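[1] Need the 3D shape of this:
(one chain, ligands or ions: 2)
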Amino acid sequence: MIKAGIIGATGYAGAELVRILMGHPSVEIKWYGSRSYIDKKYADVYRNMFEIVEDTCLDDNIEELAKQVDVIFTATPQGFLGSVLNEKILSETKVIDLSADYRIKDVATYEKWYKIEHKSPQFIEEAVYGLCEINREKVKNARLVANPGCYTTCSILTAYPLVKEGLIDANTLIVDAKSGTSGAGRGAKVNNLFCEVNENMKAYGVATHRHTPEIEEQLGYAAGKEITISFTPHLVPMNRGILATEYASLVKKADGSYPTKEEIRAAYEKYYKNEKFVRVLEDGVCPETKWVEGSNYVDVNFVVDERTGRVIMMGALDNLVKGAAGQAVQNMNLLFGLKESEGLELVPMFP
Ligand SMILES: NC(=O)C1=CN([C@@H]2O[C@H](COP(=O)(O)OP(=O)(O)OC[C@H]3O[C@@H](n4cnc5c(N)ncnc54)[C@H](OP(=O)(O)O)[C@@H]3O)[C@@H](O)[C@H]2O)C=CC1
Ligand SMILES: CC(=O)N[C@@H](CCC(=O)OP(=O)(O)O)C(=O)O
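    Numbering: from 1, shown residues only. Ligands and ions are numbered 1, 2, ... in the order given. Predicted coordinates:
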């Protein structure tokens, strides 16, 4: 059995990790890390775990944890892992970080967008960006995996084939994304109170959201050049789910015509035909958050708008599963040579 520890097990992403790992046949959770609930029974923090998890919350002492487990998940706020990571930890255990501390390769970009000084940038270079469908081979040999977040996983996977194949001008990409409120975490914030969120929809972080450089970096690798995009997130009154609607200009072919629907579908099939967790929907079917809820799937599709010369791409995922804990477990499976979908055969729930 793989011994796992979770720092931040009492947050929403950590709790989803607990739920998924409880059903994983090859993993046992040895450490439920917390900051506010030390010595309290985990099932008293999350009562859905009553008579399922008997353990008590421990602290966030990552150095002690590293001696005891094969893999550590850090489901902690930005800056936590960066402030505690060291060579000894990485020599003793694998680390999968659900925060953004090791996602962005350029430390100045991280510090500018996150407004945090990075305390251990020496590990940024070796960290592998854990978007499994794209970086699978690199993940297998990593010590440190930077698990992509919810908006970014959805935004990147939705556009990736068309950027990679040069079918769209990546610099024209506009990502309009919506997130359920669990994306903001369990901590109390006025903006996330029931009366602020219910029966309401709002954009936030317009032109300034920290996920913008992450999407630009990853799609830039696919494009083979630096790109600049627009990204606007919105908060919607749902518990879970991300829906990304993405617009980009199609690149004309040598004969002056636009790529056809069939050519675009062929690009999606080329990259995702064998991907268990990316479902390219049938022609005319738009992704919906409900159809992926509770599962590790990302549903994607597109419509060619011949009138404007643009393609509209759409993607949906569950922010806590493929957008966080599910993808982290997918990465863990790769790190330990397990079947990539082990413990992740979660059927979407409905209604
Ligand atoms: N929510 C989501 O949909 C997604 C979240 N993520 C990322 O996962 C991470 C966790 O997010 P989320 O679960 O939503 O956040 P929450 O606010 O729900 O949980 C944060 C967790 O971190 C712990 N914590 C808080 N501050 C500290 C600290 N200074 N030192 C150590 N531990 C601390 C908390 O402990 P306690 O509660 O015991 O105080 C809690 O367990 C973030 O980096 C986030 O960006 C990534 C993708 C999606
Ligand atoms: C609704 C909401 O507030 N969402 C969070 C993003 C989700 C998240 O936790 O960020 P990562 O994906 O980078 O880990 C936000 O906008 O900051």
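[2] Per-residue pLDDT of the closest residue to Tyr37 other than its chain neighbours, please?
    Of all residues not flanking Tyr37 in the chain, Cys57 sits nearest, at 4.5 Å (Cβ to Cβ, 6 or more residues apart in numbering). All C-beta atoms are positioned from the backbone trio N, CA, C, and that covers glycine. We have a pLDDT of 98 for Cys57.
[3] Return the residues in contact with Cys57.
    Residues near Cys57 by Cβ atoms under 8 Å, 6 or more residues apart in numbering: 9-10, 32-34, 37-42, 45.
[4] One more: Ala9?
    With Cβ under 8 Å, 6+ apart, Ala9 has these contacts: 15, 17-18, 29, 31-34, 42, 57, 75.
[5] Once you drop chain neighbours, what's closest to it?
    In space, Ala9 is closest to Tyr32, 4.2 Å off (Cβ to Cβ, 6+ apart).
[6] My guess is the one you found contacts Ala4. True?
    No - at 10.3 Å, Tyr32 does not count as touching Ala4 under the criterion of Cβ atoms under 8 Å.
[7] Name the nearest residue to Arg41, ignoring sequence neighbours.
    Rather than Arg, residue 41 is Lys. Per Cβ to Cβ, 6+ apart, closest to Lys41 is Thr56, 5.4 Å.
[8] May I ask you to confirm that Leu17 is in contact with Gln327?
    No - Leu17 lies out of contact with Gln327 (Cβ under 8 Å); the separation is 10.6 Å.
[9] Walk me through the domains of the chain.
    2-126, 151-319 (automatic domain parsing).
[10] now for those domains, which one comes closest to ligand 1?
    Closest approach to ligand 1 among the domains of the chain is made by domain 2-126 (1.9 Å; Cβ to the nearest ligand atom).
[11] May I have the distance across the closest one, first residue to last?
    23 Å (Cα to Cα, to the nearest Å).
[12] Would you map the strands across the protein?
    Under the criterion DSSP state E, strands of the chain are mapped to 2-7, 27-33, 71-74, 94-97, 128-129, 144-146, 174-179, 202-203, 230-235, 242-249, 278-280, 298-305, 310-317.
[13] Next, format the ones you listed as JSON lines and append mean pLDDT and distance to Ile168.
    Shown next, in JSON lines, are the strands of the chain (pLDDT from 0 to 100; distance: least, Cβ to Cβ, whole Å):
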{"stretch": "strand 2-7", "mean pLDDT": "98", "distance to Ile168": "39"}
{"stretch": "strand 27-33", "mean pLDDT": "98", "distance to Ile168": "40"}
{"stretch": "strand 71-74", "mean pLDDT": "98", "distance to Ile168": "35"}
{"stretch": "strand 94-97", "mean pLDDT": "98", "distance to Ile168": "31"}
{"stretch": "strand 128-129", "mean pLDDT": "98", "distance to Ile168": "22"}
{"stretch": "strand 144-146", "mean pLDDT": "98", "distance to Ile168": "26"}
{"stretch": "strand 174-179", "mean pLDDT": "98", "distance to Ile168": "11"}
{"stretch": "strand 202-203", "mean pLDDT": "98", "distance to Ile168": "23"}
{"stretch": "strand 230-235", "mean pLDDT": "98", "distance to Ile168": "14"}
{"stretch": "strand 242-249", "mean pLDDT": "98", "distance to Ile168": "4"}
{"stretch": "strand 278-280", "mean pLDDT": "98", "distance to Ile168": "16"}
{"stretch": "strand 298-305", "mean pLDDT": "98", "distance to Ile168": "10"}
{"stretch": "strand 310-317", "mean pLDDT": "98", "distance to Ile168": "6"}
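[14] so can I have TSV of those showing distance to Ala159 and mean neighbour count?
    Listed next are those as TSV, based on distance: least, Cβ to Cβ, whole Å; neighbours: other Cβ atoms under 10 Å:
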stretch	distance to Ala159	mean neighbour count
strand 2-7	31	24
strand 27-33	33	21
strand 71-74	28	27
strand 94-97	24	25
strand 128-129	16	22
strand 144-146	20	25
strand 174-179	8	22
strand 202-203	20	12
strand 230-235	11	20
strand 242-249	5	23
strand 278-280	12	21
strand 298-305	9	22
strand 310-317	6	24
